[in-house]
Structures are given as structure tokens and as C-alpha cells.
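**Q** What follows is a predicted structure for the sequence shown.
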Amino acid sequence: MEKEEVVQNYEKYVVGSYTRSGLIFVEGKGSYLWDIDGKKYLDFFPGWAVSGLGHCHPKVVEAIKGQAEKLIHIANNHYHPWQGALAKRLSELSFGGKVFFCNSGAEANESAIKLARLYGKSTGRYGIISMENSFHGRTLATVTMTGQPKYSKPFEPLPPGFSYVPFNDFDALEKAMDAQTVAVIIEPVQGEGGINVADREYLKRVKDLCEKNDLLLIFDEVQTGFGRTGNLFAYQHLGIVPDIMTLAKTLGGGFPIGAMIAEKEIAGLMVPGTHASTFGGSPLACAACLAVLDAIEKEKLIENVAKQGDYLRKKLMALKEKYPAVKKIKGLGVMLAAELDREGAGLVDICTSKGLLINCTHGNVIRIMPSVAVTVQEIDEGIAILDASIAEFTR
Ligand SMILES: Cc1ncc(COP(=O)(O)O)c(C=O)c1O
């Protein structure tokens, strides 16, 4: 297909809710993508963290192929072997809860909202406090819970029961709590909000506050989960265990799957009829996720994140020393960012033209989130392009 036809098809037939880069990709392998002209790109923002293992990881491809030949979908009024096996594995790898499967981060967070409302029913509580600059999804409830009015304002009137406090500000949270509050939701590292890491001491106080007031603590690990921060889950790094955790993105290695894990007693409130997802936890999605977990374990990818994350951070710190426009390097593991003293979209464009894909969020925060399998050579290659691009951008 010609390039013009690809673009025209989108323009004529696809809802225009996305800003598109103009690039047309046709192939991916590990940290690399190839466009329709055969140009190779180093992808340091693979699928907004969805292709967290890199593109088309061979184990995930093999699992999807094998499962597709056997059984693709089974409705959730029946059993199949892979959903239970995956739930067992996720439960044992986290805090021993029960798992609800869905297809995306927003759906996982919707599940958490509904579970929190079930939890608060007997005491008349339904309020959820989220953080300013958070991001929790685009469905009506999750976009309302997202602490960035620019995303929800056009859709007013919004569902009731959501309020917002500044991130890492314990006093504000304590003040915002009222008789209706039933839960607090936090991203351990805010992604879309600019790679802001939650303070350990703050989280500890939040956990205590939740325990004292019978509030559920929900961690949105949609972006931080599955190795990105140097632990399987970011909460393990921060030492605070939530009551509910939501996951998606890297979970299926590119295949859509989301999950909500809730502490067993709380999860028990979701009885037949309360919640469902037709595609949730299909054999194909579960096989992909099981393959991702196998790859993370067998290829020691958590250890790789710890090692390469340190190396990448060091390299970014050197760029900060070299260019005054780089004000700050922040993040955890391979969820890193360079905060600029100016708008960063132009830098992303220069990097793209030189064959490096990165992202700019929050106006001036350059997000660098390579695959959890990233290598030293790839980091060196990416940093060299970023170095040349910042030089050109700030000239
Ligand atoms: C922390 C967080 N939660 C939820 C979502 C929404 O996930 P999805 O786009 O899969 O619905 C995102 C997406 O970027 C996210 O970063």
C-alpha cells in the first residue's frame, strides 16, 4: 500500500481523536521499529510502555501463535486453564489477592472504582481521592478520576464522587478526606503527569491514614508495573502494599490485557452480576501474559532494569551537566525523564528525524522509557542521538 493511501484511509475513516506523528510503521523487533520506507528507528518509548519487553518478543509471538491455533476465546461463564493459572501467578508474585481480568488500563481502573464503591456501600461512602497531575484513563469515570481537568472538562457533567489533592502532600490529603471518602488512588510514579516519584515516607503515612480510616489504598501500576521500575511492581520498591492494584500496558507484551488485583476479602465483594468484561482474561490474552512473565523471569529482566536503569540515568545526568536547558533527571528504573527549561515537543521531533523515538509529556518533560530488555549498546546509541538532538535544539 502506498503511503498516501495509508494516511488517506485514516483521515477518511478513522475518528480523529489522536495527534499522529506522520510515521508509518510496518515492522518491529526488540528495541527497533522500521517504517514503510525501510528506515530504522530506536524506540525508547515502545507503545507508551505497552511493548515493554520490546517489539514482538519471540516468546510472546510463539505463545500467541501456539494459543491461537488451540483456543482464542472462551466466555467467562466457562473455565479455561490459562486464566486461573495466570491469576495464581500474579497473586503469588504480588500480595496474595484475587484478580479481575479486562483489556486496558482504564478498564482496570473502572474495576477498582466499582470495587471501592461496593466496599463503601454499607457505610454510605463512595468518594475517591486522586492526585493532581495523575492519569487513570479515558472512560468517563477514569477521566474524571484523572487529576487533569483538561482531559475531563469537555465531558461535563462528570460523575460525582471524585476529588483531587497535590501529589506527595500528606496534609492536603488528610484535609480532603471526609465522611464520604472510601478510597485513595495513587500512581507510585506518575507517568503522564511528568515522571513524579511518590515519596516513601509520604506513602507510608498515606497507608497509615487509610488503615486508620478504613479507606482502600489503590495503586495504579498500569504504567509502572511489570518490571519498569526495577521491581516487578513499583510498590515493592517503595515498600508499601496497596489493597488494590491495577495493571495493563506491558502485561501482554503488546497484546491487550488489563488486570485489577484486590486483597482477597475485598475482592469477595464482586459477586456474579456485579462486574464483567466479555474479552477479559481470554486464553489468548492470558497466554501472552504468561509468556511475558516467563521472559521476565528467564531472561532476568528485572535485574536488567536495575542495571541498565542506573546506566541510562548516569548517561542522562551527563547530558544535564552538558546542557543547561536540562534542569532535572528523574524517575525510577527505566522509567526516566529529563525535565527541560522549555517546551520539549521540538526536541522530540529532532530525535525522531535522527531515528530515536521518545516522548514529551506535561509540556517540558522528556520521557525516556525503553524496553525492560534494553542493552548497553542501545542506550549508548540512544544517548548519542539525544546528545546531538539537544545540541541542535538549544543552539
Ligand atoms: C497510569 C495509567 N493508568 C491508566 C492508563 C490508561 O490505560 P489505557 O490507555 O490502557 O486505558 C494509563 C495510560 O497511559 C496510565 O499511564
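**A** Structure's in. What do you need?
**Q** For A337, grab phi and psi.
**A** phi -150, psi 150 (degrees, to the nearest 10).
**Q** again with G258
**A** Dihedral angles phi and psi of G258 (degrees, to the nearest 10) take the values phi -130, psi 160.
**Q** ditto for the one 10 residues further on
**A** Here the main-chain torsion angles of G268 (degrees, to the nearest 10) amount to phi -60, psi -20.
**Q** And the strands in the stretch 51-200 of the chain?
**A** With strands called from DSSP state E, counting those that start in this stretch, the stretch 51-200 of the chain shows them at 98-102, 127-131, 162-165, 181-186, 189-190, 196-197.
**Q** Those strands into a markdown table, with extra columns for mean neighbour count and mean pLDDT?
**A** Any C-beta I mention is one placed from the backbone N, CA and C, and that applies to glycine too. A markdown table is the format used below for these (neighbours: other Cβ atoms under 10 Å; pLDDT from 0 to 100):
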| stretch | mean neighbour count | mean pLDDT |
| --- | --- | --- |
| strand 98-102 | 23 | 98 |
| strand 127-131 | 25 | 98 |
| strand 162-165 | 19 | 98 |
| strand 181-186 | 25 | 98 |
| strand 189-190 | 24 | 98 |
| strand 196-197 | 20 | 97 |
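**Q** Now distance to H55 too, for these, in CSV please.
**A** Listed next are the strands of the stretch 51-200 of the chain as CSV, based on distance: least, Cβ to Cβ, whole Å:
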stretch, distance to H55
strand 98-102, 23
strand 127-131, 31
strand 162-165, 36
strand 181-186, 30
strand 189-190, 23
strand 196-197, 27
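**Q** out of the ones you listed, nearest to K153?
**A** Nearest to K153 among the strands of the stretch 51-200 of the chain is strand 162-165; the distance by Cβ to Cβ comes to 13.2 Å.
**Q** Quick check: the residue of the stretch 51-200 of the chain nearest the ligand.
**A** Going by Cβ to the nearest ligand atom, the ligand is nearest to G105 of the stretch 51-200 of the chain, at 2.3 Å.
**Q** Can you read off the pLDDT for G239?
**A** Per-residue pLDDT puts G239 at 88.
**Q** any idea of the pLDDT on the closest residue to it other than its chain neighbours?
**A** Leaving aside its chain neighbours, G239 sits nearest to R200 (6.4 Å; criterion: Cβ to Cβ, 6 or more residues apart in numbering). You'll see R200 listed with a pLDDT of 96.
**Q** Next, count neighbours for R200.
**A** Applying other Cβ atoms under 10 Å, we find 12 residues neighbouring R200.
**Q** any idea how far L316 is from it?
**A** As judged by Cβ to Cβ, to the nearest Å, R200 and L316 stand 22 Å apart.
**Q** List the contacts of the residue nearest to G239.
**A** Listed by Cβ atoms under 8 Å, 6 or more residues apart in numbering, the contact set of R200 reads L238, G239, I240.
**Q** tell me which parts of the chain are close to the ligand?
**A** Contact residues, the chain versus the ligand (Cβ under 6 Å from any ligand atom): 48, 104-106, 109, 135-137, 187, 191-192, 220, 222-223, 248.
**Q** swap the cut-off to 8 Å and go again
**A** Selection of the chain residues close to the ligand by Cβ under 8 Å from any ligand atom yields 48-50, 103-109, 134-139, 142, 187, 190-192, 220-224, 246, 248-249, 256, 258.
**Q** Let's see the PyMOL selection covering just the buried ones among those.
**A** Restricted to buried positions by 16 or more other Cβ atoms under 10 Å, the PyMOL selection for the residues of the chain next to the ligand reads:
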select buried, resi 49+50+103+104+105+106+107+108+109+134+135+136+137+142+187+190+191+192+220+221+222+223+224+246+248+249+256+258
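**Q** which residues make contact with the longest helix anywhere in the chain from outside it?
**A** Longest among the helix segments of the chain by residue count, using DSSP state H, is helix 301-322. Around helix 301-322, the neighbours that count as contacts under Cβ under 8 Å, 6+ apart are 53, 227-232, 295-296, 326-329, 331-334, 336, 338, 368, 370, 372-376, 379-380, 383, 386-387, 390.
**Q** of those, buried ones?
**A** Among the contacts of helix 301-322, those buried by neighbour count (16+ other Cβ under 10 Å) are 53, 227-232, 295-296, 326, 329, 331-334, 336, 338, 368, 370, 372-374, 379, 383, 386, 390.
**Q** Please flag which of those sit within helices.
**A** Counting by DSSP H, those place A295, I296, I379, I383, L386, I390 in helices.
**Q** with those in mind, which one is nearest to the ligand?
**A** I296 (19.4 Å).
**Q** any idea how far the nearest residue to the closest one once chain neighbours are set aside is from E107?
**A** Excluding the flanking residues, the one nearest I296 by Cβ to Cβ, 6+ apart is G227, at 5.6 Å. Taking Cβ to Cβ as the measure, G227 and E107 are separated by 22 Å.
**Q** Give me the domain ranges for the chain.
**A** Following automatic domain parsing, one finds the domains of the chain at 3-56+300-394, 71-298.
**Q** Compare those and give me the one nearest A63.
**A** domain 71-298 (3.5 Å).
**Q** now that closest one: how far from the chain's centre is it?
**A** On the basis of Cα atoms, centre = their mean, to the nearest Å, domain 71-298 is displaced by 11 Å from the centre of the chain it belongs to.
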